[in-house]
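Enquirer: Got a sequence here, can you build the structure:
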Amino acid sequence: MNEDTRTREELIAELARLRERLADAGERIDLLESSRPAEASRAAELEQDLRLASVLADAAVDGTDLRDVSRVLAREIQRVFDSHSVNLYVISPDGSELEMLNIGLTPGIMNAAERILKIKIPLIRVPRSNESTLWRVIEGRETKVWNTPEEVAAILQEFAEHAPESVARLRDGTSAIVRHTIKVMALGCAVHIPLYARGQAVGLLAVASREQIPEEDIARIEAISTHVAGILSSARIEQDWRAERDRADSYMEAAPGFMLVLDTEGRVQSISRVGCEILGLPEESILGLDWAESFIPERYREGGRQRIFEILREGLDDVFDGHALTARGETRLVRWRTTAMKDASGVVTGLFATGTDLTRVVESEERALRARRRYRALVEHSSDLTVVLDATGVFTYVSPSAAQILGFAPPELLGKPAGGFVHPDDSALFADAFADASSQPGVSRSNAMRVRTKDGSWVLLEGRANLQLSNPDVEGMVLNLRDVTERVRLERSMESSARRFRALIEHSHELMLVLGDDLMIRYASPSCSRELGYSMDALAGLNIEEIVHAEDLDRSLFRPTGSPGIPFGVKMRLRTEDRRWVPYDVTVAELLDDPAVRGFIVNAIRACEHAEI
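Expert: Residues are numbered from 1 along each chain as shown. Down below sits the predicted model:
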């Protein structure tokens, strides 16, 4: 057996030369046919061989599906050796099975059988085994001739055992179909030729006949088998390549990221859907373009081009940040992970790159950085005190305002427990507040407690605590504190003054009324109830006209005076609850523009202790 070790390109070239010889041989064939019968026979064989060479060349060049190639080859060999039955077996991609891709039927009949009987190709799969006749022939690497009907029947029996269940519809049993085949075809001889290409087994060519196959026919079939092996090998390589390309295309289409394939000239060979979306162009507008020239911004173009060709030249794997120019003129920052693609011999054939669009990430980081800087500037220049405590209550950050509020520079407090600066009477409050805030992350609570200053005095700090242990920028409890010592002192002073004022009002014999601009009584001092006998609720619902004698009511006193706050004195008789009239010395002050009053203040003292009307 001759093994074909030529490359596919060499095989195509040689078969093309054979095709050219076919035309030149035409004239010689005509001459030979007119001479002796033996010469005429040789002429016919030459014509058949050259025609077969032309078919083989077409099959090699077309690179069609492996199944179709095998059918073409089997059909043409069958045409040359019309008295023989020809079958082709191909080894499966994983090498575990021998697949029969044709059964000597025409494509039309085979397609009808597949459609009607639901027979799938390969029709027969013979597992790799030392017990298998076919596998022993392949591994023996030599042509095997079977010369008796019994030997052929045994081989057919082996075939039938590997037929799928669908074939059972065509027969009543394995033995029946074997007997029927031998009877109808009267097969008495078979030749099995192992097919090898480039040192690898690719299949087996099986030829069967009713009579003994002549030695010269076997020699011709063996010669043809070398071409068949090369074509099958090339078809398998082509088929595997197409399948791999289709898988790659499918992956590129479904890939969630930016994927790119460049050839050795830096031109785009493939790009993922996400890549097209980022660039803003359809795939057909991108393929074939020079990547650096078309999609790297001009200011980065030369450096990007050098990086690409360095990877291709050195066969490197690399990770770097680059720039991509979109159809809208936007520049995107992309982190590329690249690898040089190589063939089986280690020659670089292109560059494969996956990219992550960092533009939004970088923009977000820059915004976050600006926000942190702004926040730090606010904290460092704020009059409020901001501190961060770790899980044990120790200072891990102190803002500069600590020097103004407590007298301590921030480094003097860092690493020290905050509880040591809290007033002893507030220690329990601090411990409870710290534990409460620690148990509820993200919840802000307000508290006030006294804190020792550097000179030993105490200031009252009020603020909120917020646990941010899970925040990598904080990893602690944030306290925003404000010195409220002076505010609380003023509040307490005002509260004391208010209490004194209320005491004076409540125990004074002088009547005090606050009237609105409609002269309705809005406030009456307790002395009004004691002097006039009205309940406080009753007074709040009266108009001043209802308790002032009509002859004494000077309405001009209850108008804007142009001199707000200046009292005007008059004498008025006020009616008691029991309908007596009592004279009073009255002062009226207009405070319509005062937001706390928006009306008139009326003060009244009895004109005569016992004067009554």
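Enquirer: can you map out the strands along the stretch 501-613 of the chain?
Expert: Here the stretch 501-613 of the chain has its strands, by DSSP state E, counting those that start in this stretch, at 511-516, 521-524, 568-575, 581-591, 599-606.
Enquirer: Just want the angle from the longest one to strand 568-575.
Expert: Just to be clear, that refers to strand 581-591. 140 degrees (axes from the mean of the first three to the mean of the last three CA atoms, to 10 degrees).
Enquirer: which of the residues in strand 581-591 are buried?
Expert: For strand 581-591, burial by neighbour count (16 or more other CB atoms under 10 Å) applies to 581-584, 586, 588-590. For every residue, glycine as well, the C-beta is placed using N, CA and C.
Enquirer: Kindly indicate which of the residues you listed lies nearest residue 607.
Expert: residue 583 (4.1 Å; CB to CB).
Enquirer: Report the beta-bridge partners for the closest one.
Expert: residue 573 (DSSP bridges).
Enquirer: would a markdown table of the strands of the stretch 501-613 of the chain with mean pLDDT and distance to residue 397 be doable?
Expert: Listed next are the strands of the stretch 501-613 of the chain as a markdown table, based on pLDDT from 0 to 100; distance: least, CB to CB, whole Å:
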| stretch | mean pLDDT | distance to residue 397 |
| --- | --- | --- |
| strand 511-516 | 89 | 53 |
| strand 521-524 | 89 | 52 |
| strand 568-575 | 90 | 63 |
| strand 581-591 | 90 | 51 |
| strand 599-606 | 90 | 53 |
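Enquirer: Tell me which of these sits nearest to residue 562.
Expert: strand 581-591 (8.8 Å).
Enquirer: orientation of that closest one relative to strand 511-516 in degrees?
Expert: Going by the same axes, to 10 degrees, strand 581-591 makes 50 degrees with strand 511-516.
Enquirer: ok so, going back, just put the buried residues of strand 581-591 in CSV and tack on distance to residue 474.
Expert: Below are those laid out as CSV (distance: CB to CB, whole Å):
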residue, distance to residue 474
581, 75
582, 71
583, 74
584, 68
586, 66
588, 62
589, 57
590, 58
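Enquirer: got any ranges where the chain has weak pLDDT?
Expert: For the chain, the stretches with pLDDT under 70 are 1-84, 101-123, 159-160, 162-187, 237-257, 344, 371, 374-382, 442-445, 608-613.
Enquirer: quick one, domains of it?
Expert: As assigned by automatic domain parsing, the chain contains the domains 65-242, 255-357, 379-488, 508-606.
Enquirer: where do the strands sit along the stretch 251-400 of the chain?
Expert: 258-263, 268-271, 317-325, 331-342, 348-357, 385-389, 395-398.
Enquirer: mind checking which of these is nearest residue 455?
Expert: Closest approach to residue 455 among the strands of the stretch 251-400 of the chain (CB to CB): strand 385-389, 16.6 Å.
Enquirer: quick one: contacts of that closest one?
Expert: The contact list for strand 385-389 (CB atoms under 8 Å, 6 or more residues apart in numbering) reads 379, 395-399, 401-402, 405-406, 413, 418, 434, 461, 463, 474, 476-483.
Enquirer: same thing with stretch 416-429?
Expert: If you take CB under 8 Å, 6+ apart as the criterion, stretch 416-429 is touched by 387, 389, 392-395, 406, 413, 430-431, 434, 447, 449-452, 458.
Enquirer: List buried residues within those residues.
Expert: Counted by 16+ other CB under 10 Å, these give 387, 389, 393-395, 406, 413, 430, 434, 447, 449-452, 458 as buried.
Enquirer: tell me the two of those residues that are most distant?
Expert: Greatest spacing in those, by CB to CB: 394 and 458 (21.5 Å).
Enquirer: related to what we said a few turns ago, take the strands of the stretch 251-400 of the chain and lay them out in TSV including distance to residue 547.
Expert: Shown next, in TSV, are the strands of the stretch 251-400 of the chain (distance: least, CB to CB, whole Å):
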stretch	distance to residue 547
strand 258-263	88
strand 268-271	94
strand 317-325	87
strand 331-342	83
strand 348-357	82
strand 385-389	57
strand 395-398	64
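Enquirer: Of the ones you listed, give the one that comes closest to residue 521.
Expert: The nearest among the strands of the stretch 251-400 of the chain, by CB to CB, is strand 385-389 at 48.8 Å.
Enquirer: so what strands line up beside that closest one?
Expert: strand 395-398 (antiparallel), strand 476-483 (antiparallel).
Enquirer: buried stuff in the helix or strand just after the shortest one?
Expert: Put plainly, it is strand 395-398. Once the chain leaves strand 395-398, the next helix or strand it forms, by DSSP states H and E, is helix 402-405. Of all the residues in helix 402-405, those buried under the rule 16+ other CB under 10 Å are 402, 405.
Enquirer: if we look at helix 402-405, which residues are touching it?
Expert: 383, 385, 387, 408-410, 413, 453, 459, 461, 481, 483.
Enquirer: Return a PyMOL selection command for the buried portion of those residues.
Expert: Here is the PyMOL command that selects the buried residues among these (16+ other CB under 10 Å):
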select buried, resi 385+387+408+410+413+453+459+461+481+483
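Enquirer: Going by distance to residue 293, which of the contacts of helix 402-405 wins?
Expert: Among the contacts of helix 402-405, and counting by CB to CB, the member closest to residue 293 is residue 410, at 55.6 Å.
Enquirer: which non-adjacent residue is nearest residue 151?
Expert: residue 190 (7.4 Å; CB to CB, 6 or more residues apart in numbering).
Enquirer: CA atoms only for whatever helix or strand that neighbour lives in - export them in PDB, please.
Expert: Taking DSSP H and E as the definition, one finds residue 190 inside strand 189-197. Output of strand 189-197 as PDB, limited to C-alpha atoms (Å, rounded to 0.1, in the frame of the first residue of the first chain):
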ATOM      1  CA  CYS A 189     -14.700 -11.400  -3.900                       C
ATOM      2  CA  ALA A 190     -13.900  -8.300  -1.900                       C
ATOM      3  CA  VAL A 191     -10.800  -6.100  -1.600                       C
ATOM      4  CA  HIS A 192     -10.100  -3.800   1.400                       C
ATOM      5  CA  ILE A 193      -7.500  -1.100   1.000                       C
ATOM      6  CA  PRO A 194      -6.500   1.000   4.100                       C
ATOM      7  CA  LEU A 195      -6.300   4.700   3.400                       C
ATOM      8  CA  TYR A 196      -3.400   6.700   4.900                       C
ATOM      9  CA  ALA A 197      -2.500  10.300   4.500                       C
END
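Enquirer: What's the first helix or strand after it?
Expert: The helix or strand immediately downstream of strand 189-197 is strand 200-209, counting by DSSP H and E.
Enquirer: Residues in contact with that following strand: which ones?
Expert: Contacts for strand 200-209 (CB under 8 Å, 6+ apart): 77, 81, 83-91, 98, 134, 137-139, 152, 185, 187-196, 213, 221, 225, 228-229, 232-233, 236.
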